[in-house]
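1. Dropping the sequence and predicted coords here.
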Amino acid sequence: MEKERLEQDNMEKEQFECPVGQFFGCLRKGLGPKSQFRRHLYKSKVEFLKAIRSLIDERIEELEKRAEAPQKKAVKVEVE
């Protein structure tokens, strides 16, 4: 009888727990200073910044090439 009551209590608790709340609860547990989650998050920040840097570097190279390209000069054409 006691076992059935405990199972019923557990079922009622599960029914009232919000999945979003459960997710954020797990997230909070994973935010410890030495957690694997935090290490991955830090590395992803670094990778994101490196990606932005590569875009900036490509744009700089493109602009420098444009500046180095010889300017086309107008050619005088005789008209009959």
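-> Sure, I can see it.
2. Give me the contacts around stretch 41-61.
-> Counting contacts by CB atoms under 8 Å, 6 or more residues apart in numbering, no residue outside stretch 41-61 touches it. (Each C-beta comes from the backbone N, C-alpha and C, glycine too.)
3. now do stretch 19-27
-> Outside of stretch 19-27, the residues within contact range by CB under 8 Å, 6+ apart are F37.
4. Which parts of the chain are helices?
-> Per DSSP state H, the chain carries helices over the ranges 2-16, 19-29, 36-68.
5. Which one of the ones you listed lies nearest to A74?
-> helix 36-68 (19.4 Å; CB to CB).
6. Just want the angle from the closest one to helix 19-29.
-> Per axes from the mean of the first three to the mean of the last three CA atoms, to 10 degrees, the angle that helix 36-68 makes with helix 19-29 is 90 degrees.
7. Might you calculate how far helix 36-68 sits from the centre of the chain?
-> Computed by CA atoms, centre = their mean, to the nearest Å, the chain-centroid distance of helix 36-68 equals 13 Å.
8. if we can go back for a sec, which one of the helices of the chain lies nearest to E80?
-> Distance to E80, taken as CB to CB, is lowest for helix 36-68 among the helices of the chain, at 37.1 Å.
9. residues of that closest one that come out buried?
-> Using 16 or more other CB atoms under 10 Å as the test for burial, helix 36-68 gives no buried residues.
10. average pLDDT for that helix?
-> In this model, helix 36-68 carries a mean pLDDT of 93.
11. ok, back up a step: output the helices of the chain as CSV; include the columns distance to K76.
-> Output for the helices of the chain, formatted as CSV (distance: least, CB to CB, whole Å):
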stretch, distance to K76
helix 2-16, 87
helix 19-29, 72
helix 36-68, 26
